[in-house]
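1. Sharing a model prediction with you, sequence too.
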There are 2 protein chains.
Amino acid sequence: MELKRADQIADSLEQLVFQGEYADGERLDEIKLAEHFSVSRTPIREALQRLVMSGMAEQIPRRGVFVRQPGPVELLEMFETMAELEAACGRFAAARMTDEGLERLADANSRCRDAVEREDAAGYYLENESFHQEIYRGATNSHLQGEALRLQNRLKPFRRVQLRFRGRMAQSLAEHEEIIQALEYGEAELAARLLRGHVTVQGEKFQQLIAGLKH
Amino acid sequence: MELKRADQIADSLEQLVFQGEYADGERLDEIKLAEHFSVSRTPIREALQRLVMSGMAEQIPRRGVFVRQPGPVELLEMFETMAELEAACGRFAAARMTDEGLERLADANSRCRDAVEREDAAGYYLENESFHQEIYRGATNSHLQGEALRLQNRLKPFRRVQLRFRGRMAQSLAEHEEIIQALEYGEAELAARLLRGHVTVQGEKFQQLIAGLKH
DNA sequence: AATTAAGTTATTGTATACAAGATTATTGAC
DNA sequence: GTCAATAATCTTGTATACAATAACTTAATT
C-alpha cells in the first residue's frame, strides 16, 4: 500500500477496519500507519479524524484513536435505524417516484432475480444494494437519501454475512416484489411497513447476524 | 477569541457559521482563521475538516473549504428527515419508555408551559429542545438517538426563527400534550404520526421558515 | 484593444521539528 | 519483595518549513 492522498488513505483505512483487520479497542498507531502508507503523520491524522467522525473509531485526547467495532447491541440499533430510514424513504417514494424511477427499480430487481437463479451471493449482494439505493433516490429528498446511503455503507460488512445463509436470498427477493407493488400502487403506509420488515433484524436473521459476528 | 484546542476551535467556527457570520459560498481562509484564533494552520485545518464532515462546509481539493448555508430546498429536506427521525423515535418510545422517562418528559413539558405563560420565547426554545430529547432518549436506541441529536443540532438556528411568530408557541405546546398522551397509552402509530406532523414544515410554518431565511 | 501565454504570487497539502502530556521503566524506601 | 516516586521514553498535538498546484498579473502578439 503506497497511496499518497489523505482521502484515499482514509478510504483504505476504512476498508481495513471493515475487513476486521483491526480488533475492537485496538489503537491506530499514527507512526506505524505513516510508515505503512509511506507518508508523514499529517495525512494519517486527517484520515483518522474521518474515521472518528464516521463512528468507526473513538478518539481519546492525548491518548490516541481506537477502533470501535460495533457489538451486537449497537449493530441491532443500527439495523433498527436503517429500517426506519428505509421505511421513510419508502413512504416518500410511494408518492413521489417517477415512472423512470420505478423502471430502474424493476431493472435492479430483475438483476437480483438473475443472481438468485445463478446462486450468485456476491452478485445478489451488489444488485440488492442498487435496489435499495433506487428507493432512497425515489424518496426525492437528497438529505434523507444521503443519510440512508451513509448508514447503508456503514452496515455493508454485516449485511454481507447474512446472505450466506440458505434461503435468505430467495426470501429477500420475494419481499422485493411486494415492495415494488406497494410503490407502484402508491401505497405509502404499506411500502413503509414492508421495507421496515424487510430490513429489521429479528428471529432467524438475528441468529445469523450474531453467528456472523464471530467470523 | 483566543482559544487553543482544535475541537474548541471547531465548535467556535460552527457557532460562527450558525450565526450567519459567513455568507454562503464564502471561502474559509486558513491563514486568516489561524491569525484570528492565534494558532497555527494545523488545528484550523482539523476544525475545517470537522465542519466539512458535518455538512456545514464543502471542500474542493486544492481550492479550499467553502461554507454551505442550506437553501430553502435543502432546509425543507432536512426538516422532512427530522420529522421521520422523530416519528421513528416516537414509535419506539411508545413501546419502550419507562415511567421515569415519561415523568421527565412531563416535567420538560411543564417547563415549556411555564415559558409560554411567561411569553419567554428563548426559554421555550430551550425547554422544547429538552422535550424532544427526552423522546429521543425514550426510543432506547443509542444510535437513533445520536442521529436525532445530530440533526436537531444542525437545525437549531432555523427552529429558533420560527418561534418568533405569533401563536406558534401555544400551538406547539398543545401538540406536545397530545404526543405525551399517545406515548403514555403506548400508541406507537399515533405517536409517530403526531410527531411527524409536529415537526413537518408546511403551510403557515413554511412561510415563516422562508421569511426567517432572509434574516 | 483583446486575447493568450508566461511568470509571479498566493494557497493548499505534506513533511519535519518542537512542545506537552502520558506511559513505562528504574530506583529507592519501607 | 512490594509499593511509590522520579526519571526516561514514547505519543499525541501544534508550529513551522517545504512542495505542488491553482489564481492572478503582466506582457507580448494579433
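-> Happy to help now that I have it. All of these numbers come straight from a predicted model, not from anything done at the bench.
2. From B:Arg5, how far off is the residue of chain A most remote from its centre?
-> In chain A, the residue that sits farthest from the middle, by CA atoms, centre = their mean, is A:Arg62; the gap is 31.7 Å. Remark: distance between A:Arg62 and B:Arg5 (CB to CB, to the nearest Å) = 11 Å. In short, each C-beta sits where N, CA and C put it, glycine included.
3. One more: A:Thr42?
-> Distance, A:Thr42 to B:Arg5, by CB to CB: 18 Å.
4. Now for A:Gln152, how many residues are close by?
-> Neighbour count of A:Gln152, defined by other CB atoms under 10 Å in any protein chain shown: 18.
5. Can you verify my assumption that it contacts A:Thr81?
-> No - between A:Gln152 and A:Thr81 there is no contact under CB atoms under 8 Å: 11.1 Å.
6. A:Val65 is in what secondary structure piece?
-> strand A:64-67 (DSSP states H and E).
7. I meant to write A:Glu58 there.
-> strand A:57-60.
8. That strand - contacts with which helices or strands?
-> helix A:41-53, strand A:64-67 (3 or more CB pairs under 8 Å, 6 or more residues apart in numbering or on different chains; DSSP states H and E).
9. dump the residue contacts of the residue nearest to the spatial centre of chain A.
-> With distances taken as CA atoms, centre = their mean, A:Gln152 lies nearest the centre of chain A, 2.6 Å away. Contact analysis of A:Gln152 by CB atoms under 8 Å, 6 or more residues apart in numbering or on different chains lists A:82, A:129, A:132-133, A:136.
10. and the closest residue to DNA strand D within chain A, what does it touch?
-> Here chain A gets closest to DNA strand D at one residue, A:Gly64, 3.4 Å apart by CB to the nearest atom of the strand. Contact analysis of A:Gly64 by CB under 8 Å, 6+ apart lists A:27-30.
11. Next up, identify which helix or strand the closest residue to A:Asp24 other than its chain neighbours is on.
-> Nearest non-adjacent residue to A:Asp24, counting by CB to CB, 6 or more residues apart in numbering or on different chains: A:Gln69, 3.9 Å away. Using DSSP H and E, A:Gln69 sits in no helix or strand.
12. isn't A:Gln69 right next to A:Glu21, touching?
-> No - with contacts defined as CB under 8 Å, A:Gln69 does not count as touching A:Glu21, sitting 10.8 Å away.
13. More neighbours: these two, which one.
-> Comparing A:Gln69 with A:Glu21 by other CB under 10 Å, the one with more neighbours is A:Gln69, at 18 against 11.
14. For chain A, which element, helix or strand, carries the lowest mean pLDDT?
-> Across the helices and strands of chain A, mean confidence by mean pLDDT, DSSP states H and E is lowest for helix A:204-213: a mean of 79.
15. So that one, near chain B or not?
-> No - no part of helix A:204-213 sits near chain B under the criterion CB under 8 Å from any CB of the partner chain; the closest distance found is 15.0 Å.
16. Can you tell me which helices and strands that helix packs against?
-> Using 3+ CB pairs under 8 Å, 6+ apart: helix A:204-213 touches helix A:72-96, helix A:142-162.
17. One more pass at 10 Å, please.
-> helix A:72-96, helix A:142-162, helix A:168-184 (3 or more CB pairs under 10 Å, 6 or more residues apart in numbering or on different chains; DSSP states H and E).
18. Give me the below-cutoff pLDDT ranges for chain A.
-> Counting by pLDDT under 70, the low-confidence segments of chain A come to A:1-4, A:214-215.
19. Please identify every residue contacting each of A:Gln152 and A:Thr81.
-> In terms of CB atoms under 10 Å, 6 or more residues apart in numbering or on different chains, A:Gln152 and A:Thr81 are both contacted by the residues A:Val199.
20. Return the most buried member of the helices and strands packed on strand A:57-60.
-> Greatest average neighbour count among these goes to helix A:41-53 (a mean of 19), per mean count of other CB atoms under 10 Å in any protein chain shown.
21. Now do it and helix B:41-53, the angle between them.
-> Interaxial angle, helix A:41-53 versus helix B:41-53 (axes from the mean of the first three to the mean of the last three CA atoms, to 10 degrees): 30 degrees.
22. got the CA coordinates for helix A:41-53 in PDB?
-> The C-alpha coordinates for helix A:41-53 follow below in PDB (Å, rounded to 0.1, in the frame of the first residue of the first chain):
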ATOM      1  CA  ARG A  41       1.800  11.700  10.100                       C
ATOM      2  CA  THR A  42      -0.100  14.600   8.800                       C
ATOM      3  CA  PRO A  43      -2.300  12.900   6.200                       C
ATOM      4  CA  ILE A  44      -2.700   9.900   8.500                       C
ATOM      5  CA  ARG A  45      -4.100  12.200  11.200                       C
ATOM      6  CA  GLU A  46      -6.600  13.600   8.700                       C
ATOM      7  CA  ALA A  47      -7.700  10.100   7.700                       C
ATOM      8  CA  LEU A  48      -8.000   9.100  11.400                       C
ATOM      9  CA  GLN A  49     -10.200  12.100  12.000                       C
ATOM     10  CA  ARG A  50     -12.500  11.000   9.300                       C
ATOM     11  CA  LEU A  51     -12.700   7.500  10.800                       C
ATOM     12  CA  VAL A  52     -13.700   9.100  14.100                       C
ATOM     13  CA  MET A  53     -16.300  11.200  12.500                       C
END
